[in-house]
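Enquirer: Build me a model:
(one chain, ligands or ions: 1)
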Amino acid sequence: MRATEHPTFESEASKLIYEYVERHGTAKRNVLLDIAPVSSDEFGTELDRLKSRGYLEEDGGTLQLALDVGAIEEHQTDVGVVTIRPGRQQDFEGLVDAIRDVTSEKTYVIAESIAEQLLYEETVTRHNRVASRVFFVATVEGEVVGWTHLDLPQVEKVRETAQQTVGVTDDFRDSGIGSLLLQRGLDWAEANGFRKVYNSIPMTNDRALEFLGDHGWETEAIRREHYTIDGEFVDEVMMAYRF
Ligand SMILES: CC(C)(COP(=O)(O)OP(=O)(O)OC[C@H]1O[C@@H](n2cnc3c(N)ncnc32)[C@H](O)[C@@H]1OP(=O)(O)O)[C@@H](O)C(=O)NCCC(=O)NCCS
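Expert: Residues are numbered from 1 along each chain as shown. Presented below is the predicted three-dimensional model:
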């Protein structure tokens, strides 16, 4: 299923099964059989339908969302081969660690709330009628070293603008990984019909402001004294990229 598509259901059981997996990130087949108010035969039919419609995928009895967000890319950099690919539920811990590593610098406030949201919801990808988010991760030798995340509003009037965040752990910076992630997120947003992405940065985060400026982002607005960081008021710079 594409992330811009609203899920629709042919039966209440189908909806229940999908929503359970969506909320939990992954779910075992036997647990779903328990929560679905149908016989085991009907359950099998409903599940097959969700899989054939491209809503869910199954691996060894574990179900997860089957959002089609693209391919796995490999890039040679000075820190070795970097893989950029869609984030999966299996990346949960690595992703939270990477976001925590980046936000410990206290210069990227928006990403702090994303880490909290992930931990609260315990799922990487979300796709329902209210909210949708996709992650791409950068890995080096299997370790998550960076991410980009797009928060996709499902409300009609803002459906063409998405919030994008990006971060790379300290040891892997200045090797082009942030640029690869940023571009992957932008390419995805453009291919999926978004006309603008935005990102908000504390004015004191010079590196991020320069990075976004170098990649064609523009300042849309400044909110005065929006953050309190270490007891100091700090302005927020709202930056955007238009396709
Ligand atoms: C901002 C951030 C994501 C950049 O990540 P990064 O991996 O260092 O980004 P890149 O390596 O692609 O680019 C950084 C600089 O390295 C240099 N660089 C890029 N490719 C390079 C390469 N192959 N070899 C050496 N240097 C390179 C560039 O000069 C670039 O400078 P620029 O910002 O003027 O374009 C990272 O510093 C970060 O996570 N910061 C904290 C989180 C944050 O503030 N995020 C805000 C989102 S913008």
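
Enquirer: tell me the SS of the residue in the chain that the ligand sits nearest to?
Expert: In the chain, no residue comes nearer to the ligand than residue 178, which is 2.2 Å away by C-beta to the nearest ligand atom. Heads up, the C-betas are built off the backbone N, CA and C, glycines and all. Secondary structure state of residue 178, per DSSP: H, G, I helix; E, B strand; the rest coil, is helix.

Enquirer: Which pLDDT does the model give it?
Expert: Predicted confidence (pLDDT) for residue 178: 98.

Enquirer: what's the answer for residue 201, then?
Expert: In the prediction, the pLDDT value recorded for residue 201 is 94.

Enquirer: sorry, back to before: pop out the phi and psi values for the residue nearest to the residue of the chain closest to the ligand when sequence neighbours are not counted.
Expert: In space, and not counting its chain neighbours, residue 178 is closest to residue 168: 4.7 Å by C-beta to C-beta, 6 or more residues apart in numbering. Comment: the main-chain dihedrals of residue 168 come out as phi -130, psi 140, following degrees, to the nearest 10.

Enquirer: Tell me which residues touch residue 168, please.
Expert: The neighbours of residue 168, taking C-beta atoms under 8 Å, 6 or more residues apart in numbering as the test, are 102, 138, 145-146, 177-178, 181.

Enquirer: Could you rerun that using 6 Å?
Expert: With contacts defined as C-beta atoms under 6 Å, 6 or more residues apart in numbering, the neighbours of residue 168 are 146, 177-178.
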